[in-house]
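J.: Build the 3D model from these lines:
(one chain, ligands or ions: 2)
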Amino acid sequence: MTGPAVLLLDAAGPESAALARAAAARSHQVHAATTTADGQAPAPLAGQVVTDFARPDRAVEDITAYARRHRVGAVLTANEYLTELAALVCAELGLPGNDPRLAHAARDKATMASALTAAGVRIPYTWLVHDDTELHDALADAAVGFPCVIKPVSGAGSAGVTVVTSAAQAAAAADTARMAHRRYGGEGEAGILVQTYAAGDEYSVETVTQDAVTTHLAVTRKVVTGGAHRVETGHSLPVRLPPATAAAVHREVDAAIRAVGIRHGASHTEVVIDTDGRCTVIEIAARLGAGHIGLLLRHALGIDIFTALLDVALGRPAALTPTAHGHATVRFITSPRTGRLTSLTGFPKRGPGVPYVRWRAAIGGPVNAVSANADRLGYFIVTGPDAAEVEQRADTLARQVRLQVEPPPSGGGPDQVRSASTAAMAP
Ligand SMILES: Nc1ncnc2c1ncn2[C@@H]1O[C@H](COP(=O)(O)OP(=O)(O)OP(=O)(O)O)[C@@H](O)[C@H]1O
Ligand SMILES: [Mg+2]
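T.: Residues are numbered from 1 along each chain as shown. Ligands and ions are numbered 1, 2, ... in the order given. Okay, the predicted model is just below:
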């Protein structure tokens, strides 16, 4: 006997594919809501409803009508841009989901800043600016200072985010933020954010909330590029913070989860911890962490997060207790320059302790100096029982990767370079 059908909002991407596999393994029919702008679903689907994600009212109508026709009993998304739509659809269908009145706050960083501030969560001091005068006022505010961060209101994947060290850089950074690709276009907010720079080490907290009961599965340490554009080039979990720091981080994250109305589902909260152990929340997303964090949870802790999220969405008890006590890390390879990738050597092969490797960039094709997640060229995962050994092995493997990138015609000759992420991760 098959259970209720499962509907994914956007079925492209590795996390959606894993959710689809988890549902199919439990004999649920898997449907998807898609838009022609998105990629193809990787898994075969029982059916799909094509709608316009840029028009939420219309999308809710299309999707709920489809869901009612197909006996859908769970609606999920791994797509950052669709978490608010998921909350609206779940509410309309009476399925377990997040609070639709607050879901916008997990998507729109200006609304998020207001909601988190009102809930007493420590966040960077934030200005929402709409024009050059407001930009000037924000930069003149002594509470902002330099460096500061200029970013889009509703971006993702680090696109359009710039760390600015002087007023002279602000206009270009503001243009970059304004022009950041808006995945589904649509109307709405103009504005960009100017924020104080939170100095410290970057982490994320991976959490599942079910019936408003929150379980923190792991804290993940990030490797992030330096400079003007910050891109995550590595995630490692679980990190064991000093108990007092962990308690402080969990307090902030719990308050953030409540403030943005997460009741049933995953959340991924990015935080910076300073040298005094103080935690600042950079952002919260009402979805599983991307960057293969789901795989890391499985390999390090034995948690099948995709099946767990399916259970949460179906309103069934989710298995969230670790069954393993290892460590896992993913390392992304990036190019330090824009040009044409002419060769790649030393990229690791799948094998014991290296369960996943994937290279995405074509030899002979263009590559970008890294300024957003989309510029990452490939990744590999290393796992094992001992955190220090896993990290050391990942560092060694990353150092062996060599890219040859030919500069664009105006540049110099071909150049043998080490991957930027390797350099960034070297101890
Ligand atoms: N206020 C801040 N202080 C310090 N660093 C920041 C701040 N805001 C952003 N950053 C840096 O820029 C990166 C990207 O910013 P942010 O997370 O807000 O953008 P995003 O597009 O939502 O990213 P992603 O989807 O990749 O998580 C952060 O991971 C962090 O390294
Ligand atoms: Mg982020």
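J.: Counting by contacts, list what whichever helix in the chain runs longest packs against.
T.: Counting by DSSP state H, the longest helix found in the chain is helix 243-259. When contacts are defined as 3 or more Cβ pairs under 8 Å, 6 or more residues apart in numbering; DSSP states H and E, helix 243-259 sits against helix 109-118, strand 201-210, strand 213-224, strand 265-273, strand 279-285. C-beta coordinates here come from the backbone N, C-alpha and C atoms, glycine included.
J.: Show me which positions of it end up buried.
T.: 245-246, 248-250, 252-254, 256-259 (16 or more other Cβ atoms under 10 Å).
J.: Look up how far residue 365 lies from residue 231.
T.: Taking Cβ to Cβ, to the nearest Å as the measure, residue 231 falls 19 Å from residue 365.
J.: again with residue 202
T.: When residue 202 is compared with residue 365 (using Cβ to Cβ), they lie 30 Å apart.
J.: who has more neighbours, these two?
T.: Ranked by neighbour count (other Cβ atoms under 10 Å), residue 202 and residue 365 place residue 202 first, with 17 against 11.
J.: hang on, isn't the more buried one packed against residue 279?
T.: No. Look at residue 202 against residue 279 with Cβ atoms under 8 Å: they stay out of range, at 11.1 Å.
J.: Can you pull the residues of the stretch 201-350 of the chain lying near ligand 1?
T.: The stretch 201-350 of the chain comes close to ligand 1 at residues 202, 224, 230, 270, 272, 282-283, as judged by Cβ under 6 Å from any ligand atom.
J.: want to throw those residues into JSON lines with pLDDT?
T.: Below are those laid out as JSON lines (pLDDT from 0 to 100):
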{"residue": "202", "pLDDT": "97"}
{"residue": "224", "pLDDT": "92"}
{"residue": "230", "pLDDT": "90"}
{"residue": "270", "pLDDT": "98"}
{"residue": "272", "pLDDT": "98"}
{"residue": "282", "pLDDT": "98"}
{"residue": "283", "pLDDT": "97"}
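J.: farthest pair in those?
T.: Of all pairs drawn from those, the widest gap by Cβ to Cβ lies between 224 and 283 and measures 13.7 Å.
J.: Which one's more surrounded, those two?
T.: Shown here are residue 224 and residue 283; by other Cβ under 10 Å, residue 283 has more neighbours (20 against 15).
J.: Beta-bridge partners for that one, please?
T.: Counting by DSSP bridges, residue 283 is bridged to residue 270.
J.: Now for it: which residues touch it?
T.: If you count contacts by Cβ atoms under 8 Å, 6 or more residues apart in numbering, residue 283 has them with 109, 112, 269-270.
J.: one more time with 7 Å, if that's ok
T.: 109, 112, 270 (Cβ atoms under 7 Å, 6 or more residues apart in numbering).
J.: Show me what the strand or helix carrying residue 163 is packed against.
T.: Here residue 163 sits within strand 162-164, counting by DSSP states H and E. Under the contact criterion of 3 or more Cβ pairs under 7 Å, 6 or more residues apart in numbering; DSSP states H and E, strand 162-164 touches strand 148-152, helix 170-179.
J.: now for the longest one, which elements pack on it?
T.: Meaning helix 170-179. Helix 170-179 packs on helix 132-140, strand 148-152, strand 162-164, strand 192-196, going by 3+ Cβ pairs under 7 Å, 6+ apart.
J.: Indicate which one of these is closest to residue 9.
T.: Per Cβ to Cβ, nearest to residue 9 of those: strand 148-152, 21.3 Å.
J.: for the closest one, which positions count as buried?
T.: 148-152.
J.: outside of it, which residues touch it?
T.: Under the contact criterion Cβ under 7 Å, 6+ apart, strand 148-152 has outside partners 160-164, 170, 173-174, 177, 180, 192-197.
J.: do you know how far residue 78 is from ligand 1?
T.: 13 Å (Cβ to the nearest ligand atom, to the nearest Å).
J.: Please apply the same query to residue 198.
T.: Look at residue 198 and ligand 1: by Cβ to the nearest ligand atom, they are 4 Å apart.
J.: one step back: with distance to ligand 1 and mean pLDDT added, can I get the helices and strands packed on helix 170-179 in CSV?
T.: Output for these, formatted as CSV (distance: least, Cβ to the nearest ligand atom, whole Å; pLDDT from 0 to 100):
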stretch, distance to ligand 1, mean pLDDT
helix 132-140, 13, 96
strand 148-152, 4, 97
strand 162-164, 6, 97
strand 192-196, 4, 97
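J.: Any stretches of the protein with poor pLDDT?
T.: Across the chain, residues meeting the criterion (pLDDT under 70) sit at 1, 37-43, 181-182, 185-189, 410-427.
J.: how's it carved up into domains?
T.: Domain segmentation of the chain under automatic domain parsing yields 5-95, 125-196, 199-325, 330-425.
J.: The closest residue to residue 81 other than its chain neighbours: neighbouring residues, count only.
T.: Residue nearest to residue 81 in three dimensions, not counting chain neighbours: residue 183, with 4.8 Å by Cβ to Cβ, 6 or more residues apart in numbering. Here the count is done by other Cβ under 10 Å, and residue 183 has 21 residues near it.
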